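Student: Sequence first, then the predicted structure:
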Amino acid sequence: MTADQQSATAQERPPGGSLLTVLVALGANFLVAAAKTITAAITGSAAMVAEAAHSWADTGNEVFLLIAERRSARPRDRSHPRGYGREGYVWSMFAAFGLFVAGSVVSITHGVQELGAEQSEADYLPAYIVLAVSFVLEGVSFAQALRQTRGLAGELGLHPLRFIQRTSDPTLRAVFVEDAVALIGIVVAATAMAAHQLTGNPVWDAAGSILVGVLLGVVAVFLIVRNKDFLTGQPTDPWLHERLLAAILADPEVQRATYLHTEFVGARKVFLVAAVDLTGDDAEHHLATRLRTVEARLEEHELIEDAVLTLSLPQAPALQLHTSSTQHDSSTTTSSDRTP
């Protein structure tokens, strides 16, 4: 199998792995959130309060992502000829806003309020135990997301982080990023509590809460921006654009193409608009029928959700395939979407 065929196979695989990834994350986050909440109430640690808020925000987010995964997978119908794929980005954006408000704002606000607390001694042993267990549970969830990401990114010759940035799968991106930040947040919280214990100064604990909140805010903004990009029409990367042009020109009824626009309308779902010349010299009503036939054949492609073809203007220049784009190896492909 050629590298080009491998990248196509990677894109056409069904997204069932994302559902498993979300379910694993939901179970882990719920257990972690409950444990952190109890421990925060016992110890009074600002960093633990931030971590509890973070985990509850993540738990709520996974519910949104489950809804996104289910609703976006519905087949297209007469009222939605381009499918329901973009609904996944809507629900994923709700999840990102939830992370910002329930996670970032709450953590930063609580940390600022605790900056003026009096010096005190605290027994954080229960908190350390909970954080250690939480790290293991979050690690299991992150390992599942990382396993899926590495597999998909590897087939396209991409670094996993590059793949997560470019992928059209909003649920995989959200779980991967949120779980990675959850592990970092646990380390930050543990370090802040240890500094509080060693110095007796609660400023360290409050600073840990603020830092966790800042991390959550950065992640939330990143997720909001990427979902916004796909909701407003994220074009496919050049290599996939060329692949779809090749698919059009390979049709026996297409003589040339003079215009092509491709954009994502969901995870691994592309909307295609093209202007083409057909072979032969048929009457106008015959040409319309033939265009619909070519559209139907294109929509059999795993990635093409909807195709709209029009006739080219006689003077319009023909689009040319770039051999370097259609035959390059997977190390130069971008997964815009292999998710793409």
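Tutor: Arrived safely.

Student: Let me see the contact set for residue 211.
Tutor: Residues in contact with residue 211, defined by C-beta atoms under 8 Å, 6 or more residues apart in numbering, are 111, 188, 192. No exception for glycine: its C-beta is placed from N, CA and C like everyone else's.

Student: nope, residue 165 is what I was after
Tutor: By C-beta under 8 Å, 6+ apart, the contact list for residue 165 reads residue 226.

Student: Residue 261 belongs to a helix?
Tutor: No. Residue 261 is assigned strand when assessed by DSSP: H, G, I helix; E, B strand; the rest coil, not a helix.

Student: wait, what's in contact with it?
Tutor: Applying C-beta under 8 Å, 6+ apart as the definition, the contact partners of residue 261 turn out to be 235, 272, 273, 274.

Student: can you confirm the third one is in a strand?
Tutor: This means residue 273. Yes. Secondary structure of residue 273, determined by three-state DSSP: located in a strand.

Student: Show the contacting residues for it.
Tutor: Under the criterion of C-beta under 8 Å, 6+ apart, the contact list for residue 273 reads 259, 260, 261, 262, 307, 308, 309, 310.

Student: now with 10 Å?
Tutor: 259, 260, 261, 262, 263, 306, 307, 308, 309, 310 (C-beta atoms under 10 Å, 6 or more residues apart in numbering).

Student: again with the second one
Tutor: For residue 272, the contacting residues are 236, 241, 244-245, 247-248, 260-263, 265, 295, 298-299, 301, 303-309, taking C-beta under 10 Å, 6+ apart as the criterion.

Student: Please report phi then psi for the closest residue to it other than its chain neighbours.
Tutor: Taking C-beta to C-beta, 6 or more residues apart in numbering as the measure, residue 272 lies nearest to residue 307, with 4.6 Å between them; neighbours along the chain are not counted. Backbone torsions for residue 307, taken as degrees, to the nearest 10, come to phi -130, psi 130.

Student: In this structure residue 307 contacts residue 301, no?
Tutor: Yes. Contact criterion C-beta atoms under 10 Å: residue 307 and residue 301 qualify, at 8.5 Å.

Student: Give me the more crowded residue out of the two.
Tutor: Between residue 307 and residue 301, counting by other C-beta atoms under 10 Å, residue 307 is the more crowded of the two (24 against 16).

Student: pLDDT wise, what is that one at?
Tutor: pLDDT recorded at residue 307 is 94.

Student: Residue 265 in helix, strand or coil?
Tutor: Residue 265 falls in the strand class when you classify it by three-state DSSP.

Student: Tell me the spacing between it and residue 95.
Tutor: If you measure residue 265 against residue 95 using C-beta to C-beta, to the nearest Å, the figure is 20 Å.

Student: With residue 105 instead?
Tutor: 15 Å.

Student: For residue 80, the count of nearby residues, please.
Tutor: For residue 80, the count of nearby residues is 16 (other C-beta under 10 Å).

Student: Mind listing what's buried along stretch 289-304?
Tutor: Buried residues in stretch 289-304, counted by 16 or more other C-beta atoms under 10 Å: 290, 291, 294, 295, 297, 298, 301, 303, 304.

Student: For stretch 174-186, what does the pLDDT average out to?
Tutor: When pLDDT is averaged over stretch 174-186, the result is 91.

Student: Ok, stretch 61-79 next?
Tutor: What stretch 61-79 shows for mean pLDDT is 83.

Student: Setting aside sequence neighbours, what's the nearest residue to residue 298?
Tutor: Counting by C-beta to C-beta, 6+ apart, residue 298 lies nearest to residue 307, which is 4.2 Å off, once chain neighbours are set aside.

Student: Show the contacting residues for that neighbour.
Tutor: Neighbour list for residue 307: 244, 247-248, 262, 270-274, 291-292, 294-301 [criterion: C-beta under 10 Å, 6+ apart].
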